[in-house]
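Asker: just the structure for this:
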Amino acid sequence: MKSNEVLQWVGAVFIIVGHLLNAIGADGWNILAFTVGTIAFFVWSIRVVNKPQLTVNVVAITICIMGLWRWLA
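Answerer: Modelled structure (predicted):
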């Protein structure tokens, strides 16, 4: 399996886990899962030069950092 495909699958799995954790009310842990998934997709978007996806991931990472900051504070 190629590394770009691995990055996409890692991102997909963690985004799904984030949604599952969100559904059961596991606040904080869901944000952490979303952050890991978003970072994987961010790295992938750089590697394949997908600028729209890169933009989405920059915004998502910023939101995740704000959520993690709130959770840990």
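Asker: low pLDDT regions in the chain?
Answerer: Applying pLDDT under 70 to the chain picks out residues 1.
Asker: which stretches of it form helices?
Answerer: Applying DSSP state H to the chain gives helices spanning 3-23, 29-47, 51-72.
Asker: can you say which of these is packed in most?
Answerer: helix 29-47 (a mean of 20; mean count of other Cβ atoms under 10 Å). Any C-beta I mention is one placed from the backbone N, CA and C, and that applies to glycine too.
Asker: and for that helix, what's in contact with it?
Answerer: 3-4, 7-8, 10-15, 17-19, 21-22, 50-51, 53-54, 57-58, 60-61, 64-65, 67-68, 71 (Cβ atoms under 8 Å, 6 or more residues apart in numbering).
Asker: please repeat the previous calculation with a cut-off of 6 Å.
Answerer: Around helix 29-47, the neighbours that count as contacts under Cβ atoms under 6 Å, 6 or more residues apart in numbering are 4, 7-8, 10-11, 14-15, 17-18, 21-22, 53-54, 57, 60-61, 64, 67-68.
Asker: and the angle for that helix with helix 3-23?
Answerer: Here helix 29-47 runs at an angle of 160 degrees relative to helix 3-23 (axes from the mean of the first three to the mean of the last three Cα atoms, to 10 degrees).
Asker: just the CA atoms of helix 29-47, as PDB, please.
Answerer: Taking Å, rounded to 0.1, in the frame of the first residue of the first chain, the C-alpha atoms of helix 29-47 are listed here in PDB:
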ATOM      1  CA  TRP A  29     -11.500  12.700  23.000                       C
ATOM      2  CA  ASN A  30     -13.600  13.300  19.900                       C
ATOM      3  CA  ILE A  31     -11.600  16.500  19.300                       C
ATOM      4  CA  LEU A  32      -8.300  14.600  19.700                       C
ATOM      5  CA  ALA A  33      -9.500  12.000  17.200                       C
ATOM      6  CA  PHE A  34     -10.500  14.700  14.700                       C
ATOM      7  CA  THR A  35      -7.100  16.400  15.200                       C
ATOM      8  CA  VAL A  36      -5.200  13.200  14.300                       C
ATOM      9  CA  GLY A  37      -7.400  12.500  11.300                       C
ATOM     10  CA  THR A  38      -7.100  16.100  10.100                       C
ATOM     11  CA  ILE A  39      -3.300  16.100  10.400                       C
ATOM     12  CA  ALA A  40      -3.200  12.900   8.300                       C
ATOM     13  CA  PHE A  41      -5.300  14.500   5.600                       C
ATOM     14  CA  PHE A  42      -3.300  17.700   5.900                       C
ATOM     15  CA  VAL A  43       0.000  15.800   5.200                       C
ATOM     16  CA  TRP A  44      -1.700  14.000   2.400                       C
ATOM     17  CA  SER A  45      -3.000  17.200   0.800                       C
ATOM     18  CA  ILE A  46       0.600  18.600   0.900                       C
ATOM     19  CA  ARG A  47       2.000  15.500  -0.700                       C
END
